[in-house]
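Asker: Generate a structure from the sequence data that follows.
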Amino acid sequence: MKIYKIFLVLPFFLLSFYACNETQPDSSSTAESTQEVKVLSDFESQSALTVWNGHVSLSKEFPAHGKSSLKLSSSDGGSLWLESEKLPKDWSAYDYLKFDIYNPSSQLYYGYIQICDEPGTDEQVEFHGQSYNWQKVFLNTGWNHFEFLLQNAMVEEGDRPLALNQIRKFRLSFGSIDHPLYFDNIRLVSGEENDKTASHIDPHDCLTVIDNRHVYPTLAGPVEKIKPGPEIKQLRVQAKAAVEKLEKEVEIAEMQGYQTLYQRIPLFTANVGLGIRSKLVWFQNEEEEKKILEYVISSCSDAVAEIEIVLSARKSDKTVPAPEDEISSQFFFVPPYPPFNKLKPVDGFYRDGAGKPVLIFSMLQINNGPLMDYRKLRTSFKLLILVLVFGTLSYHFIEIFVDAPLEVCESRDPKGMYKKARAGKIKSFTGIDDPYEAPENPEIHINTADTTPEECAKKVLKYLNNKGFISL
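Answerer: Okay, here's the model as predicted:
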């Protein structure tokens with residue numbers, strides 16, 4: 001009986017012995033581990049910088065977690081990039097790669113995220129799309145928190161999933177930016193993250209989820225915690241009232257037979273500014289919303305004043321624009337829309353009841369105001385086109401910057417348009433009396449002043465070939 005008791009206790013003793021002597025993780029490792037999170041870099045000491053390539057330094061200006069962050073800058077005015085080949089190789093047990101980027105500028109930027117694995121050699125990565133490499137890092141002003149879904153990630157070619165147990169390189173790259181960006185708390189997360197490793201997130205911050213080729217940028221929220229200031233509340237009320245008043249004045253004027261095409265333009269711009277632009281996360285801050293609201297109030301109020309002048313038949317120093325008074329070739333009277341369901345195609349055109357062809361181009365010509373912030377508008381349209389036309393951000397919008405100095409453009413002017421613009425015969429001409437803002441991060445940049453058309457075409461074809469759109 002005693003022997004039986006000894007054998008019963010012995011296995012328990014052995015299990016306890018092995019449990020106590022199990023090899024523990026190296027606490028000096030650059031990757032800190034918890035049960036659900038592996039912190040790749042939190043940038044709390046100089047040693048954290050040794051695993052990263054790029055023009056990097058520690059900064060205490062903008063930490064998302066802890067007391068410091070990585071400051072990434074460009075020493076020669078070139079592109080910003082951050083890269084490491086010294087991170088842990090096995091990411092397969094985790095659901096997310098999370099990281100935070102602070103953009104101190106009011107400009108919007110977007111960059112590439114690249115993750116290379118062992119099955120894809122450098123040559124295969126370069127020429128056959130054997131890495132995850134997509135322009136999915138959209139930077140709003142302030143803090144941007146990214147959640148990259150690891151288990152859904154495919155290589156660029158799309159023929160296999162990323163080998164998460166054999167990761168060899170992680171890279172973030174951006175175009176030329178004239179100020180630093182700040183990075184913090186790069187980590188792998190499985191399931192719900194605890195407060196110890198989670199970054200501080202303000203409701204006004206931008207939260208972006210990257211699901212393979214899909215991108216979902218939103219305000220971090222929740223919405224109920226985003227409280228507008230008293231000035232914004234007042235401007236919202238004023239903008240709504242200005243739009244409603246203009247709608248009523250337009251209705252009254254049209255009932256009396258007046259043409260209100262030009263006075264309707266502020267209603268279209270208000271719809272774009274309040275109904276579409278305000279839904280984009282990079283315009284969901286008080287500074288940008290204030291610009292939009294003030295412009296809507298001003299433009300609608302001016303249009304109301306014009307209608308009141310016409311309806312009262314009083315003399316005024318203010319000129320009220322009317323389509324029928326225009327003599328410039330830039331402006332054309334646009335009649336009311338015909339009922340589209342009654343249009344019939346004849347000889348390749350839809351024709352109205354009188355048999356005249358119907359071609360609808362654009363009723364809007366907006367040359368000023370916050371709706372014409374060119375760089376932001378291009379970025380917004382790029383995303384809107386992908387969402388509205390394709391229903392997703394997974395398709396490709398390739399921006400090509402055909403670059404030539406103004407004097408070169410003028411020398412190539414076969415129709416004499418620049419000459420007319422210089423003489424004041426054409427208004428709002430890009431590069432003369434309307435600004436031209438060069439793209440900051442085009443996918444392809446072609447300098448046509450120093451490059452032949454054949455070389456330009458080859459550069460475009462090479463890009464398309466490298467990205468897998470065509471095969472040369």
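Asker: In this model residue 292 seems to touch residue 273, though I could be wrong.
Answerer: Yes - with contact defined as Cβ atoms under 8 Å, residue 273 and residue 292 form a contacting pair (4.4 Å). Placement of C-beta: from N, CA and C, glycine included.
Asker: quick one, strands of the stretch 201-350 of the chain?
Answerer: 206-211, 214-219, 344-346, 349-351 (DSSP state E, counting those that start in this stretch).
Asker: Paired strands for the first one, with orientation please.
Answerer: Here strand 206-211 has these sheet partners by DSSP bridges: strand 142-149 (parallel), strand 214-219 (antiparallel).
Asker: Let me know which of these is the nearest to residue 311.
Answerer: Among the strands paired with strand 206-211, the nearest to residue 311 by Cβ to Cβ is strand 214-219 (42.9 Å).
Asker: Now do the helices in this structure.
Answerer: 2-20, 122-128, 230-255, 261-270, 286-312, 374-390, 406-411, 417-422, 453-466 (DSSP state H).
Asker: out of those, nearest to residue 199?
Answerer: Taking the helices of the chain one by one with Cβ to Cβ, helix 286-312 is closest: 22.8 Å.
Asker: Report the buried residues of the closest one.
Answerer: In terms of neighbour count (16 or more other Cβ atoms under 10 Å), helix 286-312 has its buried residues at 288-289, 291-293, 295-297, 299-301, 303-304, 306-307, 310.
Asker: Return the closest of those with respect to residue 173.
Answerer: residue 288 (26.7 Å).
Asker: how close does the closest one get to residue 242?
Answerer: 19 Å (Cβ to Cβ, to the nearest Å).
Asker: What is the most widely separated pair among the buried residues of helix 286-312?
Answerer: 288 and 310 (33.9 Å).
Asker: and this structure, what are its domains?
Answerer: With domains defined by automatic domain parsing, the chain comprises 32-225, 230-330.
Asker: Just say which of those is most tucked in.
Answerer: Mean neighbour count, computed with mean count of other Cβ atoms under 10 Å, is highest for domain 32-225 among the domains of the chain, reaching a mean of 18.
Asker: average pLDDT for that domain?
Answerer: Averaged across domain 32-225, the pLDDT comes to 92.
Asker: show me where pLDDT drops low in the stretch 201-350 of the chain?
Answerer: Confidence mapping of the stretch 201-350 of the chain against pLDDT under 70 gives the ranges 277-279, 282, 314-343, 345-350.
Asker: can you do 80?
Answerer: Confidence mapping of the stretch 201-350 of the chain against pLDDT under 80 gives the ranges 223-224, 259, 261, 275-285, 313-350.
Asker: out of the domains of the chain, which comes closest to residue 468?
Answerer: Of the domains of the chain, nearest to residue 468 by Cβ to Cβ is domain 32-225, at 4.9 Å.
Asker: now what about stretch 90-103, what contacts it?
Answerer: 38, 62, 64-65, 69, 109, 115, 137, 139-151, 164-167, 172, 181-191, 193, 199 (Cβ atoms under 8 Å, 6 or more residues apart in numbering).
Asker: hmm, 6 Å instead?
Answerer: 62, 64, 139, 141, 143-148, 150, 164-165, 167, 181-190, 199 (Cβ atoms under 6 Å, 6 or more residues apart in numbering).
Asker: now do stretch 127-143
Answerer: With Cβ under 6 Å, 6+ apart, stretch 127-143 has contacts from 102-103, 106, 109-116, 120, 124-125, 153, 155-157, 162, 205-206, 210, 215, 217, 282, 468.
Asker: send the alpha carbons of it over as PDB?
Answerer: Output of stretch 127-143 as PDB, limited to C-alpha atoms (Å, rounded to 0.1, in the frame of the first residue of the first chain):
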ATOM      1  CA  PHE A 127       9.300  41.200 -61.100                       C
ATOM      2  CA  HIS A 128       6.500  38.700 -60.100                       C
ATOM      3  CA  GLY A 129       4.600  40.300 -57.200                       C
ATOM      4  CA  GLN A 130       5.600  37.700 -54.600                       C
ATOM      5  CA  SER A 131       5.100  40.000 -51.600                       C
ATOM      6  CA  TYR A 132       2.300  41.900 -50.000                       C
ATOM      7  CA  ASN A 133       2.900  45.400 -51.500                       C
ATOM      8  CA  TRP A 134       0.000  47.800 -51.800                       C
ATOM      9  CA  GLN A 135      -0.600  51.500 -51.400                       C
ATOM     10  CA  LYS A 136      -2.900  51.200 -48.400                       C
ATOM     11  CA  VAL A 137      -1.400  53.500 -45.800                       C
ATOM     12  CA  PHE A 138      -3.600  56.600 -45.900                       C
ATOM     13  CA  LEU A 139      -2.500  59.300 -43.500                       C
ATOM     14  CA  ASN A 140      -5.000  61.800 -42.100                       C
ATOM     15  CA  THR A 141      -3.900  64.800 -40.000                       C
ATOM     16  CA  GLY A 142      -2.900  63.700 -36.500                       C
ATOM     17  CA  TRP A 143      -2.900  60.100 -35.200                       C
END
